[in-house]
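[1] Provided below for reference: sequence and predicted model.
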Amino acid sequence: MSDTTPGAEATNGSRLRCNECKSEAIVTTAGGSSLACCGVALEVIFVGG
Ligand SMILES: [Zn+2]
């Protein structure tokens, strides 16, 4: 797919960060959907395997 929605590429073990509140999260169960915090999509800062 060519969908480049931020966060949608997150796989298990990926680290996500909210640029609004600087919170970080680690994906334990990837669902293929974009995750959001503070009303904005989380940025993937590390793509897990
Ligand atoms: Zn946030």
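    Good, I have the coordinates.

[2] low-confidence ranges, this protein, go.
    Where the chain drops to pLDDT under 70, the residues are 1-7.

[3] how about 90 then?
    Scanning the chain for pLDDT under 90 picks out 1-11, 30-35, 48-49.

[4] got the residues of it near the ion?
    C18, E20, C21, C37, C38 (Cβ under 5 Å from the ion). Where C-beta positions appear, they are placed from N, C-alpha and C, glycine not excepted.

[5] dump those to TSV, plus secondary structure.
    Below are those laid out as TSV (DSSP: H, G, I helix; E, B strand; the rest coil):
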residue	secondary structure
C18	coil
E20	coil
C21	coil
C37	strand
C38	coil
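
[6] just curious, which of those is nearest to G31?
    Nearest to G31, judged by Cβ to Cβ, of these is C37 at 15.7 Å.

[7] what about the closest one, how many residues nearby?
    The burial count assigned to C37 is 18, neighbours taken as other Cβ atoms under 10 Å.

[8] one more: V44?
    V44 - counted by other Cβ under 10 Å - has 20 other residues nearby.

[9] who touches the helix or strand containing it?
    Element membership of V44, judged by DSSP states H and E, is strand 43-46. If you take Cβ atoms under 8 Å, 6 or more residues apart in numbering as the criterion, strand 43-46 is touched by P6, G7, E9, A10, S14, R15, L16, R17, C18, N19, E24.

[10] quick one: G48 and L42, what's the gap?
    14 Å (Cβ to Cβ, to the nearest Å).

[11] surely T11 touches T28?
    No - using Cβ atoms under 8 Å, T11 makes no contact with T28, being 10.7 Å away.

[12] neighbour-wise, which of these two wins?
    Ranked by neighbour count (other Cβ under 10 Å), T11 and T28 place T11 first, with 12 against 9.

[13] residue contacts, the more buried one?
    V27, A30, V47, G48, G49.

[14] among these, which one is most surrounded by other residues?
    Neighbour max across these (other Cβ under 10 Å) = V27, 20 neighbours.

[15] isn't it right up against R17?
    No - using Cβ under 8 Å as the test, V27 is too far from R17 to be in contact (11.9 Å).
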